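> I need the structure of the sequence given here:
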Amino acid sequence: MSDANELSITRIIDAPRALVWRCWVESELLKQWHCPKPWFVSEAKLDVRPGGASFMIFSGPNGEEQKLPGQYVDVAEGKRRVFTDAFIGDWRPKEGKPFMTGYVELEDTPDGRTKMTWGARHWTAEDVEAHKNMGFEQGWGAAAAQLNDLAKALASEQAA
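Residues are numbered from 1 along each chain as shown. Sure thing, here's the model as predicted:
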């Protein structure tokens, strides 16, 4: 389902869905891929349940920091994760204007890989344009490629 205020990417990840899911919900794994290099995730606290808080810090090569508080809205173990920056955990509203509600959906492919759809739904057309101008396609695409590399490596380790 798509609408005018939604941006999304779809990728095939070269690993089974269970490993891809782990990369999304385990802090130490998420920190390895979730932010396009040379930026990195310096902190990730994930309470992956509906109403659970999410807090990440994206750190830049020159000491920049972007703090990302949020909350999980819906979690279907191994399949779907919906999150928003409108709340900061236990349904407590965030101060300031919310920007988006994000989601990731994972599906098995017939050859044992994972189809991943990762998207963001925005409150306004202006927010969509702002996200595009931040480099949505390039940034989320780079992070998805980093996720693919990590999940593929984990699958290789598991097979060995």
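
> all helices of this structure, in order?
Taking DSSP state H to define them, one finds helices in the chain at 17-25, 27-30, 125-133, 136-159.

> show me what the shortest one is packed against.
Spelled out, that is helix 27-30. Other helices and strands packing on helix 27-30, by 3 or more CB pairs under 8 Å, 6 or more residues apart in numbering; DSSP states H and E, are helix 17-25, strand 40-46. All C-beta spots, glycine's among them, are computed from the backbone N, C-alpha and C.

> so where's the chain uncertain?
Within the chain, the ranges that satisfy pLDDT under 70 run 1-2.

> contacting residues around the biggest strand by length in the chain?
Looking across the chain with DSSP state E, the single longest strand is strand 65-76. The contact list for strand 65-76, computed with CB atoms under 8 Å, 6 or more residues apart in numbering, reads 42, 47-60, 80-91, 94, 101.

> so which bits of it are buried?
Of the residues in strand 65-76, 68, 69, 70, 71, 72, 73, 75 count as buried by neighbour count, 16 or more other CB atoms under 10 Å.

> from those residues, which is closest to residue 18?
Comparing the buried residues of strand 65-76 against residue 18 with CB to CB places residue 75 closest, at 15.0 Å.
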